[in-house]
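>>> would you be able to build a 3D model of this:
(2 chains)
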Amino acid sequence: MGEFKVHRVRFFDYMPSGIRALAFNRDIERIAVARMDGSVEVFHCSDRFFQEKIIPGREQCGIEGLSWVGERLFSAGLNGGITEYDLTNQKVKYTVDAYGGPIWTIAGNQQGTHLAVGCEDGTVKLFEVNEDKIQFERNLDRQKSRIISLSWHPSGSKIAAGMMDMIQIFNVETGHSVHRLLADRGVGTSRSKECVVWSVVYLSDGTIISGDSVGMVKLWDDQTGTLIKSHNVTKCDVITSYLIVPLEWQNEDSLVAGTSEGTVVQFQFISMVLGKDDKEWVRTRTFKNHTHDIRAVAEITTAVVSGGMDAQLVVRPLLDKVEVRSAASALRKIHFPHRRLVSCARKSGLMLFQYPGHLELWRLGESEGKGSSLFVKRNPEKLLHLKVKGEDHIRCSAVSPCGEWIVYSTASSLRLYRLHCDNNNVSITKISKLPMVLSSANQLCFSSDSSHLFSASTQSSVHLVSLSQSGCKFVGTLKPKSGSHQAIHLLAASEDGKWLASANSDHEVHIYNLQTRKAHCTVPVYSSAVTAMGIHPTTNCLFMMYADQQMCEYSIEQKQYTDWSRMVQRKGLHRFWMERDTPCLNVMFNPQHPSHVILHDTYMLCIIDQSLPLPDDKTQFYNQLTLKSLPEEQRKSHSHAFKVCKTFKDILCVELMSDQSLVVVERPLEDVASQLPAPIKQKKFAT
Amino acid sequence: MVETSDIRVVRCGGSKVNLTPPIISSDSRFVLCTSGDLVKVYSTRTEEWLHSLQGHTNQVTGITLNPANHLQVYSCSVDGTVKLWDFIDGILIKTFVIGCPLFAIYVSEKHTGVLFLHVSMATDSKNECFQLVSVHLPKSAEQEVEAKEMSAVSSHISKNPSCTAFGRGGEYIAFARHLQLNVYFFRKQKTYSFSLKATDKKGAKNAFTCIACHPTDDCIATGHEDGKIRLWRNFIHKKEYTYSTQHWHHNAVNTLCFTPEGTHLLSGGIESVLVQWQYGADNRKEFLPRLGGSILHISASSDGQLFCTSHSDNKITVIESSFKVCGVIQGLVKGDAVLTDLMIDPRSKALVLNGKPGHLQFYSLLRDKHLYNLDIVQQEYIYEAGLDQFEVVKAAFDIKGSWLATVEERGKKSSDLEFFLKLWAFDERTQSFVLNTTITAAHTDRIISMCFSSSEETTMLVTAAEDSQFKAWCQGADADTQQDQNFWSCDFVGSYHKLNPTNCSFSADSSLLAVSFQEVITIWSPDTWEMLTTLCQPPGVIRDLCFGRLSCSKYLLGTTTKNLLCCWNLLTCELEWSTSVDVSKLQPDPFSENVAAFSYQSKHTDLFVFKPSEPRPLFTNKNVCSEKVHRAVFVPREEPLNSCDESTQWLNRSQLYFLTQNMDLLTFSTATEEDRMLSSSKQLVIDDSVAVTPFYLLLGKHRQQQQKLNTQSHPVSDKPQQTQGSVTIKELLHTPAHVLPAASVLCSMFVNSFLISNTGVQQDPLREEMDSEKEEEDSEEEMEACDSQQELRAQGSVDEVTPKLSKAQERELKRVRKTDFSWMAGLIDSKP
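Numbering: from 1, shown residues only, chains lettered A, B, ... in the order given. This is a model prediction of the structure:
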């Protein structure tokens, strides 16, 4: 497997932001996640929950609600605006002010014609969804208190609105209130506090289900306006948010509610006597996967998705809905983004950490001695703290391999800096005159000799900019033949500066010849998204990792899959490899061992030796310990291509530096948890 | 060997009442429970044992009400029969012979004429495999019918009977074993099974422990080893089944029970807390804590007004639906081990042994009733596993029953052994034992054996301990203590060659003390404390030691670990005889010369009863039980039997009870005895039919006085008192109303009957008695005025009679009592 000097980096204080809202689109099987920092992410539910799209947020932009209308995604927030997102180019399309103060909730009807928002001033505003924009239509009857939650009746004729201490039912046509359902306050000391109806759900049979701050899930009848049943989900003394979002619109037989204790409670519509039709809502299962309050839950076809203050997205499968149990349907916790937040200057030992609002440049430390842990001669050093201009958060950033150039891009601007580093003095100069095409980028990449910058732009095109001491010069634009409009999320340049590969959200991988500046070829489209790729320095083969844990090697020169890749496809990968639940985030090559490919995901580091046989399902996958115990001559027969190292946990990035040392950036989850606010205190048995 | 047919081993008295769930009769007046070979009927109101259903010849393993007739009960037994009883009159109606040991019985309203039984499939006891079979009861008028029409329902049955339950009117049956829940639908004849993982990441233990089905909804509640309760629904789907989980119990859920309306679920476990879950709103629960031992079974009456819980300390608690304990039926408490010997309290003739932790219990075997507990340790007991707490390990009574010596110790394994020797004096006034002396360091090591001298004049206690000493303790010998209080102090310390003593025993007349030191028996004179002689019969350490009684008092018997039973003649100091038999317990009968010896050989225990003077045993019984017997006691009979048969003669004056390792208390019963009991049980009439109302008390009091007059000459018997009302009243009360003739016809008859009974001598004493009573009442009134404490006591005495009367009712009653009712007697008199 070979020995590496490893820089174990733990000074990247990345804090994932808490999840505020979830919205599931059944037709395209995508789930949209809004975070506290205003960013919106789109996960592909049937592709192992790969994070397809990330739309970075802005300062002062608290999103309170998300809603899909067809394939369009809308959000509304406390800044009072309704935002539509351009999912193709992964940016905000436009924002419309609702003129009703902060917006607490947004809901689209099932017909896809209207959006309703609940405002601080007590109005429910209806917006008509047009071809390219939304248009304010009218207000429903104004109420005294703010509208916290909204739900359309599936027919689109009525709206239930949750408020302080009550629920109102509106007739959409007349705009008048039909019923007023009063929610009880808590008992004892909490009687003086208002009962906030955090969420309502209007079912097609006229049942309204509400979740409130007293900890109750209540069932109401909309004809009579009476309470049918109430379930106490948590203890009364907890008075924070409870959210309940059902998404079983077709059958309406299941409902989930999240609590501030971090539990998700499932309710099911079950016939009390088997074979008969008198069904009742019964509380069934309880899932506890969160440490902090749950701010959003969604029920997708086969699983319950929940997210909250602890910033992890938990996908809990419902085994009764899963057809075949497999790795794709296992419990999944998504902590970190599926993009790289760290870029390394391989030749000069610099690292660039990307935070939402700033960049940090660090120089790696030096060590001496031998053994399993080395003595640190020089501590790592923070060279630079670069704050972003403007309100937008950083979308992507890169440092050139030589360490001289730093570039980052937000939704509105792209900035390029030149770094001057003489001994202890570090200074940067902004390159002022950038070509017009470099106004914004989806992905940024430097060529290996640092002479060119590649900037992925709209319509899957890549702009080529040459860098020199004097400044930068626009060289040309690479456009794919397919004419895809999707944004590029991965770029990979070859070591010899001849080839560039780009991967976009349509799962297309285009290869360009940089010398002719023309599209060279396109890798056959696979059903799963590319999560990482790299071009081999000597053979110029493109090595790709997919979200479903498959791997491919594509020879650029021969425009076909290599023999090894075909063998992998034929033989299949080991069961343990396929069952890993985080995607590979980087592909590296060791120049000293051309047959070695280095991969990593959140939990492990793996070296694939392409010269060794592939393991089949019967062989032991994690065989390092067994191999150690075997004598030298038997080792050969037992070894296989996959060598997995699990020494490191919660890995954000692994990079092979040019001096053959590995940089492993870890972000231990315990550190993340320690920086979260304290969870609600709960009495536990025997404590 | 002559196998005597008319003496057999029975489980009679002190048996487990918590083996199966108790059942409450549909009118909530009776609680039925299995107790050994019997089914016992208790009153729910008075907690009294009314009568028992006797007829099974082995352990009764299940009872259930006949769904077709709520006055009848089915019982099944290991003897392979199912019996149908009329439990109010205690009459055996029918016997169905199944032919194989039965372990549980279930019935359902939907399946009339069908019984569901647990039978053991495999013959070897190692891999116990149980089967649920349905048995069609043949319609036949005969008393004893053979039921052969059996069909297996399932063979995946847990041996725990509470893991099987009928659901919603008998539509389906749910049963669980290990980690699998099966639901069998009778109509579709299809089984659905669901399994859980053995453990999960959080360390949950998911094995099923009990099942209950909702009476109207399709919902199955299951209890689990880690204390979780799961409510299963939608179980006709292979995948869309669902369950909700509730967790309160911290240890295994022992039992679950839905109330008949289905509004609540009751659960119980080792915490001895009855938990009531509201069905549908699972978070709401009520608790009834501190019920005693861990809850083993819960059952509810059909009207939902009463619940019964049976506990591991052999107790049944009757609980009202308002979660108030209204009655406790206490059986003989048998923990995991009885550390003390079985003893007989010479005063009450009650069996005395370990009871509640730290207590001695007094249990009347004749009435099969728990009398009282004596707190020896006088410390709070903490119910937690692995905690080293004080436990009574030795106890001894002197011959009159006025002194009780106890030893409590803790630190069984550890080196820091702690023990106390306590002496208790019987207080005549309070009728209980009062602590007299506590000796903290009686010996430097554990006390092995302890006995009182048996002479009438001076009481002396001898303790032998592992510190190779034996000590004699006397009362009041210490001059330092005050004269008027007679404390116990050490009188003599004896030892023999630094050997550890193993046993000590006084002769019947207390003139000799025998102390065995390993292989040597030393004989001492307690008067002079002089060692008289030593007896030795190596090899083998002396295990048991006893002197012969009455005519055989010159003999000393001893058993050794090397399987020898030796008999020494004390006059010649020579070995009279010895025989090679592995005696595990040697028990002399204090009322005769007989000695009982239990020997354990090749996995079964044999009993020999012999006289030391005769080489031939009086009685032998091979294979008494399959376990070793370490404790046995002769219990004196109330009335001696007068059997002339040689083999049963030894049971004439006393009855031999013995305790097996499984904590079964067994005894021997003769055929004549059983006949007598059967005949007497037929005569029993339930006097519980009259409710305890103020009017009943008023009338009943007069009636009791009358009865007292009638029975003055007779000794008070222990049997339930028969009401002495006229035959006509009885007839009137016991004949169902719809078969009675018109009231006008009855009236003259009724009045006439009074006429006859009130003639003659009885009239005058009655009136006298009433007068004297009136005087008493007056004086009582005076005392009330002057002393309020007195009144409290008087109230207390009333409380004993009417335990359920409220204060207001009591006051009302008192007022009624004070009014003169003599006019009533006059009325009765003047009627003719």
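
>>> after the helix or strand of chain B with the lowest mean pLDDT, which helix or strand is next?
Ranked by mean pLDDT, DSSP states H and E, the weakest helix or strand in chain B is helix B:788-801, scoring a mean of 44. Next helix or strand after helix B:788-801 toward the C-terminus (DSSP states H and E): helix B:807-818.

>>> what average pLDDT does that following helix get?
When pLDDT is averaged over helix B:807-818, the result is 75.

>>> what sits closest to B:Tyr381 if chain neighbours are left out?
B:Pro357 (4.4 Å; CB to CB, 6 or more residues apart in numbering or on different chains). Quick note: C-beta positions are derived from backbone N, CA and C, even for glycine.

>>> what residues does that neighbour make contact with?
With contact set as CB atoms under 8 Å, 6 or more residues apart in numbering or on different chains, B:Pro357 has these partners: B:335, B:377, B:381, B:389, B:391.

>>> so it is in which element?
Counting by DSSP H and E, B:Pro357 is part of no helix or strand.

>>> thinking again about what came up before, which of the contacts of B:Pro357 are buried?
The neighbour-count test (16 or more other CB atoms under 10 Å in any protein chain shown) applied to these identifies B:335, B:377, B:391 as buried.

>>> make sure the first one is indeed in a strand.
No: note on B:Gly335: no strand contains this position according to DSSP: H, G, I helix; E, B strand; the rest coil, which reports coil.

>>> apart from its chain neighbours, what residue comes closest to it?
Leaving aside its chain neighbours, B:Gly335 sits nearest to B:Asn354 (6.3 Å; criterion: CB to CB, 6+ apart).

>>> what is the burial count for the one you found?
Counted with other CB atoms under 10 Å in any protein chain shown, the neighbours of B:Asn354 add up to 23.

>>> same check, this time on the one 5 residues further on
The burial metric for B:His359, expressed as a neighbour count using other CB under 10 Å, is 18.

>>> re earlier: next up, the contacts around the residue nearest to B:Gly335.
Going by CB under 8 Å, 6+ apart, B:Asn354 touches B:333, B:335, B:337-340, B:360-361, B:391-392.

>>> distance-wise, check it relative to A:Gly206.
Applying CB to CB, to the nearest Å, the value for B:Asn354 to A:Gly206 is 66 Å.

>>> ok, A:Glu64 next?
Taking CB to CB, one finds A:Glu64 at 27 Å from A:Gly206.

>>> which one of the two has more residues nearby?
More crowded of A:Glu64 and A:Gly206, by other CB under 10 Å: A:Glu64, with 20 against 14.

>>> quick one: distance of the helix or strand harbouring A:Leu227 to the chain centre.
If you go by DSSP H and E, A:Leu227 is part of strand A:226-232. On the basis of CA atoms, centre = their mean, to the nearest Å, strand A:226-232 is displaced by 37 Å from the centre of the chain it belongs to.

>>> could I get the contacting residues of the closest residue to B:Leu461 other than its chain neighbours?
The shortest distance from B:Leu461 to any non-neighbouring residue, by CB to CB, 6+ apart, is to B:Trp473 (4.3 Å). Residues in contact with B:Trp473 (CB under 8 Å, 6+ apart) are B:423, B:439, B:442, B:460-463, B:488-491.

>>> ok, the helix or strand harbouring B:Trp473: who's next to it in the sheet?
Following DSSP H and E, one finds B:Trp473 within strand B:469-475. Listed by DSSP bridges, the sheet partners of strand B:469-475 and their directions read strand B:460-465 (antiparallel), strand B:488-494 (antiparallel).

>>> can you point me to the longest strand in chain B?
Using DSSP state E to define each element, chain B has its longest strand at strand B:418-427.

>>> average model confidence for the following helix or strand past that one?
Downstream of strand B:418-427, the first helix or strand assigned by DSSP H and E is strand B:432-439. The average pLDDT within strand B:432-439 is 89.

>>> after strand B:432-439 comes which helix or strand?
From strand B:432-439, the next helix or strand downstream (DSSP H and E) is strand B:447-452.

>>> format the contacts of B:Trp473 as CSV; extra columns: neighbour count.
Output for the contacts of B:Trp473, formatted as CSV (neighbours: other CB atoms under 10 Å in any protein chain shown):
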residue, neighbour count
B:Leu423, 22
B:Ile439, 20
B:Ala442, 21
B:Met460, 22
B:Leu461, 23
B:Val462, 26
B:Thr463, 25
B:Trp488, 26
B:Ser489, 16
B:Cys490, 15
B:Asp491, 17
